[in-house]
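> here's my sequence, what's the structure:
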Amino acid sequence: MKTKTVLMLVGVCALAQGLFAEGKLPAKDKFMIVVLAGQSNMAGRGTVDPENNKPHPRVLMMNRAGEWVPCVDPIHFDIDNSGVGPGKAFAEALAESDPSITVGVVPCAVGGAPISAWEPGEMFHKGRTDWHPYDDCLVRTKQALEQGTLAAILWHQGESDRMRRGGYLYQVRFPLLVSRLRKAFNAEGVPLIVGGLRNASQDWFGQVLSNSQTMTCEYLYGPGKFVPAKGEYALQPDGIHFTREAQQDFGRRYFEAFVEVKKALAEDPQYWKKLKHPAELAPKEIPAEQLKDVPFDLLSPEVVQYAFPKGVPKP
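Residues are numbered from 1 along each chain as shown. A predicted model of the protein is given here:
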């Protein structure tokens, strides 16, 4: 059975090389680019099941060399044993929703990377490689956008900041990151779908992170949707990473959220700018000793109004 699966994958890869060689990709408006960003639960650590890891004929992924190849797990390459994340399930659902499109997945997540590593020029060491999460994401995504059209940005990150009690500055750093990405990719109106941490509501910092993620993607820098992790999602033995089944379900729920956002955009392209955020999403006051790490000179008026409703304090 394994031999049959390998032969099938080889055949599909050969077919893809013929159909998707340079100059053979779909028209730019029919090649939908999906960016996967964040840390390990976006990169994927779910166990790969070879028997159920078939490539979809209209879903490609950008490999480490920047080439388009058939999309199979693992999509990411931040570690040697990367596994199943939500990206493949989302991309296949998107492809199935419109037979005229091909989906191209761009892996940009780096396991273990805190939100502070997602800033221009920042380096994060993982395994045998020095990664530059933000800069690498820009390079790979801009390369993809030479051939396709940005359809969605998927984000899952926060475990590192939750464990390191980084919730306070997340309220500044995450919206600042999203504003940068939207500007860099000319992504006005592109849905940003953000996945939540498991049981985020059960601890204070987890709730701060999910609040700032919701506030950012649904109100400050929409359009977008926050998708909470189900409490019943199983974790790997390490207690951090979702299993294959949980990741695949999460990917399908990301897509359901994407459809909701697209429907709202069709009714009103500026709908999210007219929404009033609920009181429970109000930010927590940043401790005085952490103010020195806030990049005040880079903050947009929207971030200042959100993070410092009482006025900008002196660091």
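
> how about low-confidence regions in the stretch 51-200 of the chain?
For the stretch 51-200 of the chain, the stretches flagged by pLDDT under 70 are 128, 164-166.

> now do the helices in it.
Counting by DSSP state H, counting those that start in this stretch, the stretch 51-200 of the chain has helices at residues 87-97, 133-145, 159-163, 167-184.

> now those as JSON lines including mean neighbour count and distance to residue 32?
Placement of C-beta: from N, CA and C, glycine included. JSON lines is the format used below for the helices of the stretch 51-200 of the chain (neighbours: other Cβ atoms under 10 Å; distance: least, Cβ to Cβ, whole Å):
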{"stretch": "helix 87-97", "mean neighbour count": "22", "distance to residue 32": "7"}
{"stretch": "helix 133-145", "mean neighbour count": "18", "distance to residue 32": "10"}
{"stretch": "helix 159-163", "mean neighbour count": "20", "distance to residue 32": "28"}
{"stretch": "helix 167-184", "mean neighbour count": "22", "distance to residue 32": "17"}
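
> reformat the ones you listed as a markdown table; add distance to residue 236.
Converted to a markdown table, the helices of the stretch 51-200 of the chain look like this (distance: least, Cβ to Cβ, whole Å):
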| stretch | distance to residue 236 |
| --- | --- |
| helix 87-97 | 17 |
| helix 133-145 | 22 |
| helix 159-163 | 12 |
| helix 167-184 | 24 |
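
> what's the closest of the ones you listed to residue 111?
Closest to residue 111 of the helices of the stretch 51-200 of the chain is helix 159-163 (Cβ to Cβ; 9.2 Å).

> who's in contact with the closest one?
With contacts defined as Cβ atoms under 8 Å, 6 or more residues apart in numbering, helix 159-163 is touched by 39-41, 112-115, 166-167, 170, 197, 200, 203, 205-206, 209, 240.

> quick one: buried ones out of those residues?
By neighbour count, with 16 or more other Cβ atoms under 10 Å, the contacts of helix 159-163 hold 39-41, 112-115, 166-167, 170, 197, 200, 205-206, 209, 240 as buried.

> residue 103 versus residue 134, what's the distance?
For residue 134, the distance to residue 103 equals 24 Å [Cβ to Cβ, to the nearest Å].

> of the buried ones among the contacts of helix 159-163, which is the nearest to residue 142?
Closest to residue 142 out of the buried ones among the contacts of helix 159-163 is residue 113 (19.8 Å), distances taken as Cβ to Cβ.

> relative to helix 87-97, how tilted is the longest helix belonging to the chain?
Ranked by residue count and defined by DSSP state H, the top helix of the chain is helix 244-267. Here helix 244-267 runs at an angle of 40 degrees relative to helix 87-97 (axes from the mean of the first three to the mean of the last three Cα atoms, to 10 degrees).

> using PDB, write down the CA coordinates of helix 244-267.
The C-alpha trace of helix 244-267 is given here as PDB (Å, rounded to 0.1, in the frame of the first residue of the first chain):
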ATOM      1  CA  ARG A 244      -3.500  16.000  13.100                       C
ATOM      2  CA  GLU A 245      -7.300  15.600  13.500                       C
ATOM      3  CA  ALA A 246      -7.600  18.900  15.500                       C
ATOM      4  CA  GLN A 247      -5.500  20.700  12.900                       C
ATOM      5  CA  GLN A 248      -7.500  19.500  10.000                       C
ATOM      6  CA  ASP A 249     -10.700  20.600  11.800                       C
ATOM      7  CA  PHE A 250      -9.200  23.900  12.600                       C
ATOM      8  CA  GLY A 251      -8.300  24.400   9.000                       C
ATOM      9  CA  ARG A 252     -11.900  23.800   7.900                       C
ATOM     10  CA  ARG A 253     -13.100  26.200  10.600                       C
ATOM     11  CA  TYR A 254     -10.600  28.800   9.300                       C
ATOM     12  CA  PHE A 255     -12.300  28.400   5.900                       C
ATOM     13  CA  GLU A 256     -15.800  28.800   7.300                       C
ATOM     14  CA  ALA A 257     -14.700  32.100   8.900                       C
ATOM     15  CA  PHE A 258     -13.200  33.200   5.600                       C
ATOM     16  CA  VAL A 259     -16.500  32.600   3.900                       C
ATOM     17  CA  GLU A 260     -18.300  34.700   6.500                       C
ATOM     18  CA  VAL A 261     -15.900  37.500   6.000                       C
ATOM     19  CA  LYS A 262     -16.200  37.300   2.200                       C
ATOM     20  CA  LYS A 263     -20.000  37.400   2.500                       C
ATOM     21  CA  ALA A 264     -19.800  40.500   4.700                       C
ATOM     22  CA  LEU A 265     -17.400  42.200   2.300                       C
ATOM     23  CA  ALA A 266     -19.800  41.500  -0.600                       C
ATOM     24  CA  GLU A 267     -22.600  43.300   1.200                       C
END
